[in-house]
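J.: need a structure here:
(2 chains)
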Amino acid sequence: MNGRIIAFCCEHSAYPAADLAGRLRLSYSGDVRIIRVPCAGQVDVIHMLKALEKGAGAVLVVGCEDGACHHITGNTRAEERVRHCHTLLDEARIAGDRVAMYNISPNAPHRFVRVADEMVKTMEQTREAR
Amino acid sequence: MNERIGVFLCNCGGGMKNIDFDTLGAKLGHVPGVTFVEPMSNLCLAEGRDRMISRIGEDNPDRVVVAGCSPEFQERLFRRALHEAGLNGQLLSMANIREQCSWVHDGDVTAKAVELVKMAVNRVRLLQPLEKEELPVRREVLVVGGGFSAIGAALELSRIGLPVTVVTREVSLDGSGEPQEDFHGCDINAMRSAVETDPGISVLTSARVVATRGEVGDFTVAITREGDETCGRYGAIVLATGYETGTCLAPGLNSRAENEPIGEASIVSQEQLSQMLRSPITVSRPGTIAFVFDFCDENSRFPTLATLSNALAAREKWESEVYVLCKDVKVDSEGAEHLYREARECGVVFLKCEDVPRITRANGRVTIEARDVYLGEETAVSCDLLVAEELRSPAGGTQTLSSLLGVRLDSRGFYQDENVHLYPVSSEKKGVFTIGECRGDLDVGRVLTDISSVVMSVCQLVSPGKIEAELERVHADPQKCVACLTCVRVCPHGAIRLSRVENGKEIAVISDLACDACGVCAAICPAKAIQFEGYRDDQILAQIEAIGEA
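T.: Numbers count the residues shown, from 1 in each chain, chains lettered A, B, ... in the order given. Prediction:
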């Protein structure tokens, strides 16, 4: 599981954006594993932590753009949970930036690729720093 | 652990060249619980689905994994196929090995594909069947508003056989007070008479919505009319409450009074100019006319169209000199670009200015001063008639309706679309729709589209008189629920209520019809009493387990 990036992608924004990236034949790291969720607000801290516990290199939560959450406040809740996750990770002295939240529109495949690439870079930097 | 999982691997007609399907099939065959792995070529086509149904009949799996394209495409189709084959449609999990694997990585991706299918297998092991039931839904539709959008929607809804009630706080329909013959190509007088004489439409004027209860399929709405309160029950509600105009002129520069003759330096509204242009009586024509728009309010589709057509008409009918001052001419409405070109060819002068022009009145003329962006210097236009910029704001009462119905407003106070691209006329409350100018910056073409869209949506929702709903997809465990009300407060769609169950205990009950399946309640429940079938904690964690097992 080393080096895998688990991405929880909401079905209204991130998942279609990733699909669009596929249809446009864009390219990102093969280490990304996408898990489809109905809303970023459904992703719980336990899901993020379990992924890290299993050895994931990084965890992404990707939801709708600010103010555009299909379920109104799902993305805000996700952000709060990611922040809480950072607090827990800091206490356990694990690099907090291995868990991150991003916002995206369903018609932004290039942004999806950028997000994936950024996370790969962060993950590599964290690994070097260890 | 005695599941029988059938796996279908679709290669989408050969569109995934960098996956070795033989290896993929072989590796999956070893996974515990997998009964068979069937490679397919085009699972979504008729032959593919027939083959799927017969294979299920032959080998009797109790759940199915489909690996191929994105579930966003064909998940519903495959669920129906499972149903036809005698399995519950919920017992399906899809692995996206196309858009999110084969098509985004160079080189061989078989290893990743294996992991993705294993994730789907792990998930499908834990899926539970869901029962469906047809729940009754009322066919009556309530339309709130009395303007063009409300009238248009009421007519179309009645035409498809739905009983419609129109509620407007004005004394009559199309509350502009003045009958208009030609509303942008639609004969609004004829439309209004059609509504008033249609036996399927009941019109309540001078009436207001004061309270609502219930959910999609059965809203109870209290309406007050001249002191009397009546209650109606409706399957869907359409808000078409329109907008109000205000001026953004500095105080002291008031518009022309109703009957003031032109000839004096006048500042008028677009509507007043339109009337002057339409009037058959020869009026003394203004020598120079100026239009100002797009400064105070950049959401200017309607003002743009009005300005362009009035400017053109003034040139053609009166041969006046016409100047238009604006920040930009936004021509994204249908026909706008053509109008703009025609206006310029006809001699209308467009001046692009950055800042709000300064308007003064003196010596029988109105003077507008502004900085011309292209010349890079100050210009002044002196005219007989100025058409001032108007601000469009939500109709009074929008705030009240919004809180009564639990429907949000956007940052400008207009109704918030559920999704700007995908569901423009829906609100976040199932069964409540918004159309027309009360949504914000529209033009007549878009209003007509709104009307068609809402008629389709409402028809789909209520016309059959029943909706097939999945029962208890999201459901609170009565043993664990402590009625803390967190989920009730958090649900973005207002779909959760406290209700008494058999043993007298009060627990959270999630409406099968109103629930929009976001899962926020499940994530936030402090007692983990709510589980969301398909995305339960164990079902998500099982997918994570499958990652990294090579």
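J.: mind listing what residue 104 touches?
T.: By default, I'm working from chain A. Taking Cβ atoms under 8 Å, 6 or more residues apart in numbering or on different chains, we find residue A:104 in contact with A:13, A:14, A:17, A:62, A:63, A:64, A:65, A:111, A:112, A:115. Backbone N, C-alpha and C define where each C-beta goes, glycine included.
J.: My question was about chain B, not that one.
T.: A:18, A:21, A:22, A:25, A:26, A:27, A:28.
J.: Just give me the neighbour total for the residue nearest to the last one when sequence neighbours are not counted.
T.: This points to residue A:28. Leaving aside its chain neighbours, residue A:28 sits nearest to residue A:116 (4.0 Å; criterion: Cβ to Cβ, 6 or more residues apart in numbering or on different chains). Per other Cβ atoms under 10 Å in any protein chain shown, the neighbour tally for residue A:116 reads 26.
J.: And the residue of the stretch 351-500 of chain B closest to chain A?
T.: residue B:492 (4.0 Å; Cβ to the nearest Cβ).
J.: all helices for chain A, in order.
T.: Along chain A, the segments classed as helices by DSSP state H run A:14-23, A:45-53, A:74-91, A:109-129.
J.: can you list contacts of the shortest one?
T.: Right, helix A:45-53. So helix A:45-53 is in contact with A:6, A:8, A:59, A:61, A:81-82, A:84-85, A:88-89, A:94, A:98-99, B:537, B:540-541, B:544, going by Cβ under 8 Å, 6+ apart.
J.: quick one, helices of chain B?
T.: B:21-29, B:46-59, B:71-84, B:110-126, B:148-159, B:188-197, B:270-278, B:301-318, B:336-345, B:398-405, B:444-462, B:486-490, B:520-524, B:537-545.
J.: Could you tell me how far residue A:15 is located from residue B:21?
T.: 24 Å (Cβ to Cβ, to the nearest Å).
J.: More neighbours: which of the two?
T.: The neighbour count for residue A:15 versus residue B:21, taken as other Cβ under 10 Å, is higher for residue A:15 (28 against 18).
J.: Hmm, residue A:36 and that one touching each other?
T.: Yes. Between residue A:15 and residue A:36 there is a contact under Cβ atoms under 8 Å: 5.3 Å.
J.: what touches both of these two?
T.: residue A:9.
J.: what's near enough to touch residue 127?
T.: I'll assume chain A. residue A:57.
J.: looking at chain B here, not the other one
T.: Here residue B:127 is in contact with B:63, B:90, B:91, B:92, B:93, B:533, B:534, B:539 (criterion: Cβ under 8 Å, 6+ apart).
J.: Could you rerun that using 7 Å?
T.: Contact partners of residue B:127, counting by Cβ atoms under 7 Å, 6 or more residues apart in numbering or on different chains, are B:63, B:90, B:91, B:93, B:534, B:539.
J.: On the pLDDT front, check the residue of the stretch 101-250 of chain B found nearest chain A for me.
T.: Residue nearest to chain A within the stretch 101-250 of chain B: residue B:103 (3.9 Å; Cβ to the nearest Cβ). Looking at residue B:103, its pLDDT reads 94.
J.: Next one, pLDDT for residue B:503 please.
T.: 75.
J.: wait, I meant residue A:72
T.: pLDDT at residue A:72 comes out at 83.
J.: surely it meets residue B:492?
T.: Yes. Between residue A:72 and residue B:492 there is a contact at 4.0 Å, judged by Cβ atoms under 7 Å.
J.: quick one: common contacting residues for the two?
T.: Common neighbours of residue A:72 and residue B:492 (Cβ under 7 Å, 6+ apart) are residue B:428.
J.: what's the burial count for the closest residue to residue B:316 other than its chain neighbours?
T.: Excluding the flanking residues, the one nearest residue B:316 by Cβ to Cβ, 6+ apart is residue B:346, at 6.9 Å. When neighbours are counted by other Cβ under 10 Å, residue B:346 registers 14.
J.: who are the neighbours in contact with residue B:346?
T.: Contacts of residue B:346 by Cβ under 7 Å, 6+ apart are B:312, B:315, B:316.
J.: neighbours around residue A:8, how many?
T.: 26.
J.: cool, and the one 3 residues further on?
T.: For residue A:11, the neighbour count with other Cβ under 10 Å is 20.
J.: Residue B:396 now?
T.: Residue B:396: 10 neighbours (other Cβ under 10 Å).
J.: what does the stretch 1-150 of chain B put close to chain A?
T.: B:70, B:72, B:98, B:99, B:100, B:103, B:104, B:105, B:106, B:109, B:112, B:115 (Cβ under 7 Å from any Cβ of the partner chain).
J.: Over to chain B?
T.: B:70, B:72, B:98-100, B:103-106, B:109, B:112, B:115, B:408, B:419, B:428, B:492, B:516-520, B:522-523, B:532, B:535, B:537, B:540-541, B:543-545, B:547-548.
J.: where does chain A have low pLDDT?
T.: For chain A, residues meeting the criterion pLDDT under 70 lie at A:1, A:130.
J.: Enumerate the residues of it near chain B.
T.: A:1, A:4, A:6, A:15-16, A:18-19, A:21-23, A:25-28, A:30, A:33-35, A:37-39, A:41-44, A:46-47, A:50-51, A:54-55, A:70-74, A:77.
J.: quick one: low-confidence parts of the stretch 1-150 of chain B?
T.: Checking the stretch 1-150 of chain B against pLDDT under 70 turns up B:1.
J.: Tell me how many other residues surround the residue in it positioned nearest to chain A.
T.: The nearest approach of the stretch 1-150 of chain B to chain A comes at residue B:99, 2.9 Å away (Cβ to the nearest Cβ). Applying other Cβ under 10 Å, we find 25 residues neighbouring residue B:99.
J.: show me the contacts for it.
T.: Contacts of residue B:99 (Cβ under 7 Å, 6+ apart): A:18, A:19, A:22, A:23, B:69, B:70.
J.: Could you rerun that using 8 Å?
T.: Residue B:99 touches A:18, A:19, A:20, A:21, A:22, A:23, B:69, B:70, counting by Cβ under 8 Å, 6+ apart.
J.: Quick one: neighbours of the fifth one, just the number.
T.: Burial of residue A:22 is recorded as 22 neighbouring residues (other Cβ under 10 Å).
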